[in-house]
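Colleague: what's the 3D shape of this:
(chains A and B)
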Amino acid sequence: MELYQSTIHELHDKIKEGKTTATEITKAVLQRIDTVEGKVHSYIRVMKDEALAAAAATDKEITKGNIKLLSGIPIALKDIVCTKGITTTCGSYILHNFVPPYDATVVEKLRAAGAIFVGKANMDEFAMGSSTETSYFGPTRNPWDLECIPGGSSGGSAAAVAADECVASIGSDTGGSIRQPAALCGIVGMKPTYGRVSRFGLIAFASSLDQIGPFTKDVEDCAIMMNVLAGYDPKESTSVNVEVPDYRQFVGRDIKGWKVGIPKEYFVEGIDPEVKAAIEEAIKTMEKCGAKSVEISLPHTQYCLAVYYIIAPAEASSNLARYDGVKYGFRAPAAELLDMYKKTRMQGFGAEVKRRIMIGTYALSAGYYDAYYKKASQVRALIKRDFEEAFKKCDVILTPTTPTPAFKIGEKTDNPLQMYLSDIFTISANLAGIPGISVLCGFTKIGLPVGAQFLAGHFQEGKLIQVASVFEKEAQSEKRRPKL
Amino acid sequence: MEFEAIIGLEVHAQLLTDTKIFCGCSSKFGAAPNSHTCPVCLGMPGVLPVLNKKVVEYAVKMALATNCTINPTCEFARKNYFYPDLPKGYQISQYVYPLAEHGYVELEVNGGKKKIGITRIHMEEDAGKLLHDEYNPVSYVDLNRTGVPLIEIVSEPDIRSAEEAANYLKSLHEVLVYLEICDGNMEEGSFRCDANVSIRPKGQKEFGTRAELKNMNSFRNVQRALEYEIKRQQYIVENGGTVVQETRLWDDAQGATHSMRGKEEAHDYRYFPDPDLVPVIVDTAWIDRIRADMPELPQDKRERFIRYYQIPAYDAGVLTADKALAQYYEEVVAICAQPKQAANWLMGDVMKFLNEDRRTIRECPIIAASLAEMINLVEAGTISGKMAKDIVEEMYRSGKGPKEVIAEKGMVQITDRDTLIHTASVTVDEHPQQAADYRAGKEKLFGFFVGQIMKKTQGKANPQLVNEILKEILDKKND
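Modeller: Modelled structure (predicted):
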């Protein structure tokens, strides 16, 4: 097996045993990027020089015996997390030249843990999309089938891990933007509880829904990443001060006697038969592991998409108001202020972003607020309660991550509503603020990965690591890799 | 037809916290442009606000001082609009759930008291400032002020005249400064006021159409603007027209209000709860701690001064208008135990000097103990009231104590009876005609003799003693 194909824990062991170095690993990954990036296009920017310099510095530390959790591990950052001195575009022309003077809290944490940043990963513009096609910098392709989308909005981060262009990566999830691409790329992706991982330095899409999380090659790596990422941040008011357990201790613990909730509302029309079959197989696998499946109900499921597409654009319309050409980023030349605003935003934002700003502005307007935003907030509370009720009856919930496997590039770009449906199973977790994880649960006949999603109650990431690691071990007998 | 004015005021007060409301930048006025900024107050991508607790404490103080009900939970909301001095494209303010509501302040009106209702007090962040180039079509943005904490105090439409409005404003101003939560500087914009005003025929219940007045940066301008606007509306109505709802700007130079037509008025702020901040919970324990930390308020102090020092209401009003002045006064009285005399000296000569030099009591060269000593010297008869006036002036100019000034100028009063008898006798003898006239009944001439004696003694003679002795001499020779 090549170095770049390894997991965090495998590489960590090798470094510890002195069998490899940070520089060797980083070079291997950079070499891999050189080889496949032309096909996949996971990155907006590859940080070759910075990565090699960081690796050399890490190796000095390693020789002193200072080996940290992520020492020498090449990691990709979605280009939505701010990196001090390194252009951070959010996939948009309006920020194509924006260089933050600060690091996101997660960047500080990862760096402190020894991580080597190899690049800024491609994404849908401002994380608005489910296919990474709305990026100003062009689409990313699915490593399993280059004709297909990798999912989105964190498609670059997911594809980079699946194509071995990094060992692990960071994404953000507002309505499924980690779990959906993880599923479509056949890797592990976790959206933690809202407030578990700091949002400071994460360029906001929808502040009450956004959450940063990891993409990894296996569940154990996910636990390691969560050990680094999770924790209270005084720089964020919505960060929650709940003790962070050692997530790694949950890896492989048996789930005998667990109740796995199967929401009946999630197995209705629109699901691809192969996805449905894979999930039914997953339920059987869970039972083989000693868990019991129970049917549960999440009665307000049908409203999730509608609620999401009011709240998320409403918050976005306000969050994106700062991109006005006055202070940083792109400014269109114009003779007067109003003209400058209009031209900057017209030329700086792509179509999907403008669509959502329009929807959100409308939903918050005088005379419509009560009917839209306020009503949506009320229904959101009901959706949250659905989950509270459900978790009285089960330990975790199992659903498909996506209704279909990866679709073709361009297939849904003209039909936003069809595109929005890709997130139908993932959106509810963001609305409720609960954690979710997507793991590979099988392949379609033509070889596209299918993901299973586990959901748990607030701050129950440990449970997700536990169930997903057991499931991963039982379900994945053969290790497939995309042919690139 | 007789009209009455309906006025409501919105006051913005900058809070005197060391740092801004949502980041750690200094909130001090007057620094080099954009030197008090950071990624948070610059509205950079991905940054987040964290509430400064001091802001809540200061706002609660004002809410308590104005008899408001403090809501156990309040919430920040975003007010969305585009302007270059607003880096996030929204202002973090409060909307549906403000910090405090349903308060009032009491004003003295024609000897009685009138309550002006306070609708609400809420917290928000200030915006930056635009600087327009005088010679080129360019504007610059200074974001030092962005994120400086403000409270907005909204009154009920309870005010009925321009004068009452000014009094209400002065009362709020006084309380804010007393609480030491706002420096009250109207020129630098730390205390700002907008007004809503309409008129209606006396006796009518419904309100008329209101105009919103802006750009009034002094108490006087608020009063002038309102007086102008009330007359303007009255003129319109009396001539069969209708008042239009609009925002009008006060033009100080022209002494008139002008309509601010255009886009600025068509705002839909699209308020919604700020998802980056959590609800603010103000429990009774916290309120109690804040209350315990509050100073005596101006109105309470005024009443105490009248009751305890037995001074007129007018004096108490002047002395308590400034907390430092009141403190100075109390220090003086504590030493000399003569409340009325202390009030007279302070409100008279001392204030006159301070006003001439545009100084505050804090900068007064006469320390409280010296003024008290001077009052005691007058009371003891060591110096006359007239001499005291000169001495106080010299104390003010030199910063010296009264005894030092007296010694330097040889200003001790002549109280020796024999000396004065001699001087008085000589004086009467020098003016036989006047003495005869006096004795013939021209009693007015008594003053003439007093004046002559004072002249001879360079004003140092004790006037009471002079009166006494002169009377004796003039009346004796009459026998």
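
Colleague: low-confidence ranges in chain B?
Modeller: For chain B, residues meeting the criterion pLDDT under 70 lie at B:261-266, B:477-479.

Colleague: contacting residues for the residue positioned nearest the centre of it?
Modeller: Ranked by distance to the mean C-alpha position of chain B (CA atoms, centre = their mean), the top residue is residue B:174 at 5.2 Å. Taking CB atoms under 8 Å, 6 or more residues apart in numbering or on different chains as the contact definition, residue B:174 lies against B:298, B:321. (Each C-beta comes from the backbone N, C-alpha and C, glycine too.)

Colleague: buried ones in stretch A:322-341?
Modeller: Buried residues in stretch A:322-341, defined by neighbour count with 16 or more other CB atoms under 10 Å in any protein chain shown: A:322-332, A:337, A:340-341.

Colleague: next: stretch A:131-148.
Modeller: Across stretch A:131-148, burial judged by 16+ other CB under 10 Å covers A:131-137, A:139-145, A:148.

Colleague: also stretch A:392-400?
Modeller: Under 16+ other CB under 10 Å, the buried positions of stretch A:392-400 are A:394-400.

Colleague: among these, which are located in strands?
Modeller: In this view, these that belong to strands under DSSP state E are A:396-400.

Colleague: and the pLDDT at the residue in the stretch 351-484 of chain A positioned nearest to chain B?
Modeller: As assessed by CB to the nearest CB, chain B sits closest to residue A:364 within the stretch 351-484 of chain A, at 3.8 Å. Looking at residue A:364, its pLDDT stands at 95.

Colleague: right, and it touches residue A:316 too?
Modeller: No: when contacts are counted by CB atoms under 8 Å, residue A:364 is not listed as touching residue A:316 (10.7 Å).

Colleague: before we move on, the earlier item: in a strand, that's where the residue nearest to the centre of chain B is, yeah?
Modeller: No: remark: residue B:174 does not belong to a strand; assigned using DSSP: H, G, I helix; E, B strand; the rest coil, it is helix.

Colleague: can you give me the domain boundaries for chain A?
Modeller: A:3-250, A:302-378 (automatic domain parsing).

Colleague: and chain B, by the same measure?
Modeller: Using automatic domain parsing, chain B is parsed into the domains B:3-289, B:296-409, B:417-478.

Colleague: residue A:15: which of those is closest?
Modeller: When these are compared by CB to CB, domain B:3-289 sits nearest residue A:15, at 31.7 Å.

Colleague: contacts for stretch A:42-56, please.
Modeller: A:21-23, A:25-27, A:30, A:33, A:37, A:72, A:74, A:76, A:79, A:86-87, A:89, A:91, A:116-123, A:135, A:137, A:140, A:156-157, A:159-160, A:163, A:165.

Colleague: buried among these? Need that as a selection in PyMOL.
Modeller: Command for PyMOL that selects the buried part of these, burial taken from 16+ other CB under 10 Å:
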select buried, chain A and resi 21+22+23+25+26+27+30+33+37+72+74+76+79+86+89+91+116+117+118+119+120+121+122+123+135+137+140+156+157+159+160+163+165
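
Colleague: among the contacts of stretch A:42-56, name the ones in strands.
Modeller: A:74, A:76, A:116-121.

Colleague: ok, the residues you listed vs chain B, which is closest?
Modeller: Of all the ones in strands among the contacts of stretch A:42-56, residue A:120 has the smallest distance to chain B: 13.5 Å, by CB to the nearest CB.

Colleague: could you check how far the closest residue to that closest one other than its chain neighbours is from residue A:50?
Modeller: Nearest residue to residue A:120, sequence neighbours excluded (CB to CB, 6 or more residues apart in numbering or on different chains): residue A:79, at 4.0 Å. Residue A:79 is 14 Å from residue A:50, where distance means CB to CB, to the nearest Å.

Colleague: no more questions from me, cheers.
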